[in-house]
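Colleague: pasting the sequence and the predicted coordinates here, then a few questions.
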Amino acid sequence: MQLLKNVTLSKTNILFIINPISGGRDKTNIPGLIDQHLDKARFNANFRFTEYAGHASELAAEAGQKNFDVIVAVGGDGTINEVGTEVLKQDKILGILPFGSGNGLSRYLQIPMDTVKAIKVINGLRTMRIDTATFNGRPFFNMSGMGFDAHISDLFASDKKRGLSGYVKTGLKELLNYKPELYQIEVDGKSISRAAFVVSIANSSQYGNNTYISPEASVTDGLLDVCVIKSFPLLRLPKLAIQMLRGKTHHSKVVEIIRGRQIRILRDKAAAIHIDGEPYQMGKEIEIAVVPLSLNIITPAYEA
Ligand SMILES: Nc1ncnc2c1ncn2[C@@H]1O[C@H](COP(=O)(O)OP(=O)(O)OP(=O)(O)O)[C@@H](O)[C@H]1O
């Protein structure tokens, strides 16, 4: 009886880590909105705004030590990466309120883009375990890669204005000058060599904004999709863009998708890579591995 009383009375401590710059949207009213719609019978809520890149990781690490059971990333895939990395270490529960430019993982998981609806998903506290992966030891959750998209992330990082239009403008300008690179790709011991425009490692199916690179990818299959966008004439770009938006890249002649657990990539030179859309400089050798069903995450009523 005592036990039952404790269970019914104990509330879940939840921390919302809010990235004020993600997606280029003002978030000053977010704590108020959460306060209005969060189930107070179920949760004790706290809020922290990040002040610099990397701060979300620090706040999530502290939260784990202070008995927060659920830590919510309020931002895009980069914020999810910072918070998720700590949630993973502490085996806590990750929540998401999508506020990024692309929101790849949120869209894949069908978390509503509408904030009030997304808060209601958190109220449901329905969790599932999803795969994560490591890229030269760093965790990622949605997508990582190298080539043109990493180059754009690298350029975009120094751009103060975030949001979709920024990506598109920078992307189009660079597209004309970018040269495909040579990659040696080994997936579960099988090796291929490709001249590629992009090599993406997909956990979920999309980059964000419902732009699909590997439409049949699953975050619960214990596998990663290595997606090679091969060298192609620029004239073919509109067709590829349409295939990406319609979720048909697995039928494209210029996209090759190889599924596996353990991936090793050797490239000609050290260059930018991206991990969940955030750029880093790394060397020629890349090791990527899936970590099956490692992250506990709040989702809507949804089965992958
Ligand atoms: N207060 C802050 N000032 C500057 N940068 C921050 C701050 N808080 C977090 N960041 C950094 O902001 C970057 C972008 O965050 P995030 O990826 O969530 O947004 P986005 O790029 O707009 O969305 P998406 O990844 O969905 O396209 C992350 O690299 C994060 O480390």
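Modeller: That came through fine. Residues are numbered from 1 along each chain as shown.

Colleague: for residue 125, which non-adjacent residue is spatially closest?
Modeller: Closest residue in space to residue 125, ignoring its immediate chain neighbours: residue 298 at 6.4 Å, by C-beta to C-beta, 6 or more residues apart in numbering. C-beta coordinates here come from the backbone N, C-alpha and C atoms, glycine included.

Colleague: what is the burial count for the residue nearest to residue 188 when sequence neighbours are not counted?
Modeller: Counting by C-beta to C-beta, 6+ apart, residue 260 is the residue found nearest to residue 188 once chain neighbours are left out, at 4.2 Å. When neighbours are defined as other C-beta atoms under 10 Å, residue 260 has 19 of them.

Colleague: residue contacts, residue 260?
Modeller: 187-188, 223-224, 226 (C-beta atoms under 8 Å, 6 or more residues apart in numbering).

Colleague: again, 10 Å this time
Modeller: With contact set as C-beta atoms under 10 Å, 6 or more residues apart in numbering, residue 260 has these partners: 185-190, 201, 223-226, 288-290.

Colleague: remind me which residues of the stretch 51-200 of the chain are low pLDDT?
Modeller: Applying pLDDT under 70 to the stretch 51-200 of the chain flags the ranges 158-164, 166-167.

Colleague: show me the contacts for the nearest residue to residue 230 once chain neighbours are set aside.
Modeller: Using C-beta to C-beta, 6+ apart and skipping residues adjacent in sequence, the residue nearest residue 230 is residue 254, 5.1 Å away. Residues in contact with residue 254 (C-beta under 10 Å, 6+ apart) are 196-197, 228-233, 236-237, 239-240, 243.

Colleague: quick revisit: surely the residue nearest to residue 125 and residue 128 touch.
Modeller: Yes: Residue 298 lies in contact with residue 128 (C-beta atoms under 10 Å); the separation is 8.4 Å.

Colleague: so for these two, which residues contact both of them?
Modeller: residue 109.

Colleague: in terms of neighbours, single out the busier of those two.
Modeller: Legend: neighbour count by other C-beta under 10 Å for residue 298 and residue 128, higher for residue 298 (22 against 16).

Colleague: give me the pLDDT value at that one.
Modeller: On pLDDT, residue 298 comes in at 98.

Colleague: now it: how far from residue 113?
Modeller: Computed as C-beta to C-beta, to the nearest Å, the residue 298 to residue 113 distance reads 16 Å.

Colleague: quick one, phi/psi of residue 213?
Modeller: phi -110, psi -30 (degrees, to the nearest 10).

Colleague: hmm, residue 241 and it touching each other?
Modeller: No: in this structure, residue 213 is not within contact of residue 241 by C-beta under 10 Å, at 11.8 Å.

Colleague: neighbour-wise, which of those two wins?
Modeller: residue 213 (27 against 11).

Colleague: could you list the low-pLDDT ranges of the stretch 201-304 of the chain?
Modeller: Ranges of the stretch 201-304 of the chain meeting pLDDT under 70: 302-304.

Colleague: can we see that at 90?
Modeller: Residue ranges of the stretch 201-304 of the chain with pLDDT under 90: 231-235, 301-304.

Colleague: which parts of it sit against the ligand?
Modeller: 208, 277-278 (C-beta under 6 Å from any ligand atom).

Colleague: name the single longest helix found in the chain.
Modeller: Secondary structure of the chain per DSSP state H: the longest helix is helix 77-90.

Colleague: near the ligand, anything from whichever helix or strand comes after that one?
Modeller: Per DSSP states H and E, helix 77-90 leads on to strand 93-98 as the next helix or strand towards the C-terminus. No: contact of strand 93-98 with the ligand (C-beta under 6 Å from any ligand atom) is absent, the minimum separation being 7.6 Å.
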